[in-house]
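Asker: Model the following, please.
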Amino acid sequence: MTKLQQSQVEHQLRREVEIQWHLSNPNIFWLYGYFYDHYAARGKLYKELQKCKYFSERRAATYVASLVRALIYCHGKHVIQRNIKTENLLIDAQGELKIADFGWSVHTFNTFLLRWVKYLGPRDSPYEFLYGVPPFEAIEHSDTYRRIVQVDLKFPPKPVVSASEKDLINQMLVKESAQRLPLHKLLEHPWIVQNADPSGIYRV
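Answerer: Numbers count the residues shown, from 1 in each chain. The predicted structure follows:
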């Protein structure tokens, strides 16, 4: 590792610690000390999804709602989490979702950026939780990029997913960010209201 690479890693680690140290939310991986984190007994959500192949609507909705609440909290603290993916979501012993890895996060007081980011959110998460794959994934990278640009969204016949959930996915995976369902409205969507456990905990 070169001195430049080492410096970049150190800067990223320092930024992650500084940001995470000031965040206290049930759905954010709590940092007790520099290398002393909250214990997530069930590990990465990615592994759970691989094992199950896909989640039930109740389980998916509970995780999505928890993730959205955590992101709303982060934005209120002027923190933008730029690396939301299943590998960076952990599950604790009780079944509660935790966001980890704030190495690519930024702390900003740019009000325009904070207003804009509320339309980003966990766009791919509901689809990936329910179907087990990202919404625009293809065998070839070029086809994946094309599908993303064209918003070429397809719903497989199985598993069977409710019309309400498809409506939420369609409102989130819109090309123009300003037309997407904002985070606070996502929590009010009928699919979330009807399926998410209010406790934020999904017990297997």
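Asker: Any buried residues in the helix or strand hosting E48, and which?
Answerer: E48 is part of helix 45-52, with elements assigned from DSSP states H and E. Burial within helix 45-52, assessed by neighbour count using 16 or more other Cβ atoms under 10 Å, is assigned to L45, E48, L49. In short, each C-beta sits where N, CA and C put it, glycine included.
Asker: Next, the angle from the helix or strand just after that helix to helix 45-52.
Answerer: Sequence-wise, the next helix or strand downstream of helix 45-52 (DSSP H and E) is helix 57-76. For helix 57-76 against helix 45-52, the angle by axes from the mean of the first three to the mean of the last three Cα atoms, to 10 degrees is 170 degrees.
Asker: The chain should start at 15 in everything you say after this.
Answerer: Sure thing, new numbering starts at 15, so read that last one as helix 71-90.
Asker: Next secondary structure element downstream of helix 71-90?
Answerer: Counting by DSSP H and E, what follows helix 71-90 is strand 93-94.
Asker: Downstream of that next one, the next helix or strand is which one?
Answerer: Counting by DSSP H and E, what follows strand 93-94 is strand 103-105.
Asker: Could you list the residues in contact with that following strand?
Answerer: Applying Cβ atoms under 8 Å, 6 or more residues apart in numbering, the set of residues contacting strand 103-105 from outside is 43, 54-60, 62, 77, 81, 111-114.
Asker: what's the answer for stretch 194-207, then?
Answerer: Against stretch 194-207 from outside (Cβ under 8 Å, 6+ apart): 71, 75, 78-79, 82-83, 85-86, 89, 132-135, 137, 176, 178-179, 181-182, 185-188.
Asker: Equivalent analysis for stretch 157-175, please.
Answerer: Contacts for stretch 157-175 (Cβ under 8 Å, 6+ apart): 68, 71, 144-145, 149-152, 180, 183-184, 187-189.
Asker: So what would you say the end-to-end distance of it is?
Answerer: 25 Å (Cα to Cα, to the nearest Å).
Asker: hey, where'd the strands end up in this protein?
Answerer: 45-47, 50-51, 57-58, 93-94, 103-105, 111-113, 120-121 (DSSP state E).
Asker: Considering these, which stretch scores lowest in mean pLDDT?
Answerer: Least confidently modelled of the strands of the chain is strand 50-51, at a mean of 46 by mean pLDDT.
Asker: Render the CA-only coordinates of the helix holding E62 in PDB, please.
Answerer: C-alpha atoms of helix 59-66 as PDB (Å, rounded to 0.1, in the frame of the first residue of the first chain):
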ATOM      1  CA  LEU A  59     -28.700  -9.000   5.900                       C
ATOM      2  CA  TYR A  60     -27.000 -10.100   2.600                       C
ATOM      3  CA  LYS A  61     -26.300 -13.500   4.100                       C
ATOM      4  CA  GLU A  62     -29.900 -13.800   5.400                       C
ATOM      5  CA  LEU A  63     -31.300 -13.000   2.000                       C
ATOM      6  CA  GLN A  64     -29.000 -15.500   0.300                       C
ATOM      7  CA  LYS A  65     -30.200 -18.200   2.700                       C
ATOM      8  CA  CYS A  66     -33.900 -17.400   2.300                       C
END
